[in-house]
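>>> Fold the following and give me the result.
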Amino acid sequence: MMQEDFRSLLDTEAYRFLKDNPRLGKRILLLEVGGSHAYGTANQESDIDLRGITLPLPSDLLGLTEFEQYEDTGTDTVLYVFSKMVRLLLECNPNTCEILGLDPEDYLIFSPLGRELWERRSLFLSKRAIRSFGGYAGAQLRRLQNALARDSMPQREREQHILRSVENALEDFQRRYRSFSRGAIRLYIDQAENPELETEIFVDASYRHLPLRDYENMWAVMHNVVKDYDKIGKRNKKKDDKHLNKHAMHLIRLFIMGIDILERGEIRTKRTAEMERQTIPTASICRRSRSDTKNIFMPSGLCWRPAI
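Next up is the predicted model:
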């Protein structure tokens with residue numbers, strides 16, 4: 001779709017809330033089509049996701065009401081209130097940084113106040129991008145490694161891979177819980193008790209007076225890694241390949257955006273040229289067999305080895 005087609009969507013019944021809702025309408029600073037359309041990688045099957053920023057009401061500023069973001073699930077539209085947007089930008093959150101990384105003509109709504117924010121976007125950039133963009137990219141890398149490892153590794157090695165993925169996902173928790181004065185957790189691999197496995201991951205955990213919600217969050221992180229890994233074998237190959245290619249694209253995009261922020265002090269969301277070439281300065285491109293789990297495969301059959 002062309003930009004004019006996206007703008008015409010705002011006049012349809014499905015998007016009428018953008019004009020009628022008192023928290024939106026003329027209070028919207030910026031509105032863009034996010035996701036693959038913003039990255040320059042969209043195809044005919046790409047969804048339309050609107051992302052934007054809106055001003056708070058006077059009652060929000062006075063503390064009489066609270067509001068952080070507006071979501072419309074039917075159209076996959078999300079608008080952040082200005083104060084929350086600033087907090088996330090100061091953390092170099094990738095999902096919010098990319099909202100400010102388009103050219104003015106790419107926005108569906110580009111108000112005068114929105115332009116002022118866009119022109120001053122470099123004020124929010126810092127070395128925090130190392131952790132934020134690196135963390136998001138690391139999550140994409142683990143998804144790719146999990147998918148490729150499932151079909152190519154012996155069960156013993158796959159279990160070791162899952163353990164590393166869980167430990168990576170628990171990085172923040174490990175700092176809090178590894179030497180926790182009220183207990184500790186240890187993950188390790190031993191001879192399997194499950195007759196269908198050769199080895200499996202075991203947990204030794206001992207806690208006293210640990211808040212239930214903290215335990216629940218820690219358990220959820222471990223559970224989700226194993227659950228996502230087990231799902232991979234149940235997907236059909238065509239759909240699975242599409243997911244792998246999508247994760248590979250996001251992995252590269254996040255690394256390049258992080259490099260732009262750290263080296264150039266700029267946010268650039270649209271990456272059409274890099275994705276068409278499928279090459280970047282910090283990558284090594286090679287042709288290898290699909291069983292190589294150290295390399296990330298691109299849609300054309302090329303693979304990308306992260307230079308990290």
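>>> Going by C-alpha atoms from here, please, whenever you check contacts or count neighbours.
Fine.
>>> Okay, now the unreliable bits of the chain?
1-3, 146-153, 171-182, 230-241, 272-308 (pLDDT under 70).
>>> can you list the domain ranges for it.
Domain assignment for the chain by automatic domain parsing gives 3-124, 130-266.
>>> Let's have those domains in TSV, adding mean neighbour count.
Converted to TSV, those look like this (neighbours: other CA atoms under 10 Å):
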stretch	mean neighbour count
domain 3-124	17
domain 130-266	15
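>>> could you pull out the strands for the stretch 51-200 of the chain?
Along the stretch 51-200 of the chain, the segments classed as strands by DSSP state E, counting those that start in this stretch run 69-72, 77-81, 109-110, 183-191, 199-207.
>>> Leaving out sequence neighbours, find the closest residue to residue 118.
Using CA to CA, 6 or more residues apart in numbering and skipping residues adjacent in sequence, the residue nearest residue 118 is residue 100, 5.8 Å away.
>>> repeat for residue 185
Excluding the flanking residues, the one nearest residue 185 by CA to CA, 6+ apart is residue 205, at 4.3 Å.
>>> ditto for residue 68
Excluding its sequence neighbours, the residue lying closest to residue 68 (CA to CA, 6+ apart) is residue 81, at 5.3 Å.
>>> For that neighbour, give its distance to residue 253.
Using CA to CA, to the nearest Å, residue 81 is found at 26 Å from residue 253.
>>> same check, this time on residue 16
From residue 16 across to residue 253, the span is 33 Å (CA to CA).
>>> before we move on, the earlier item: wouldn't the residue nearest to residue 118 be in contact with residue 267 here?
Yes: applying CA atoms under 8 Å, one finds residue 100 in contact with residue 267, separated by 7.0 Å.
>>> Common neighbours of these two, please.
residue 121 (CA atoms under 8 Å, 6 or more residues apart in numbering).
>>> mind listing what the residue nearest to residue 185 touches?
By CA under 8 Å, 6+ apart, the neighbours of residue 205 are 183-186.
>>> Was I right to think residue 81 contacts residue 53?
Yes: the pair residue 81 / residue 53 is scored as a contact, 5.7 Å apart, by CA under 8 Å.
>>> roughly how far apart are the spatially closest residue to residue 97 that is not a sequence neighbour and residue 220?
Nearest non-adjacent residue to residue 97, counting by CA to CA, 6+ apart: residue 89, 6.0 Å away. Remark: distance between residue 89 and residue 220 (CA to CA) = 27 Å.
>>> again, but for residue 29
36 Å.
>>> who does the residue nearest to residue 68 bridge with?
For residue 81, the beta-bridge partners are residue 54 (DSSP bridges).
>>> contacting residues around it?
So residue 81 contacts 53-56, 67-70 (CA under 8 Å, 6+ apart).
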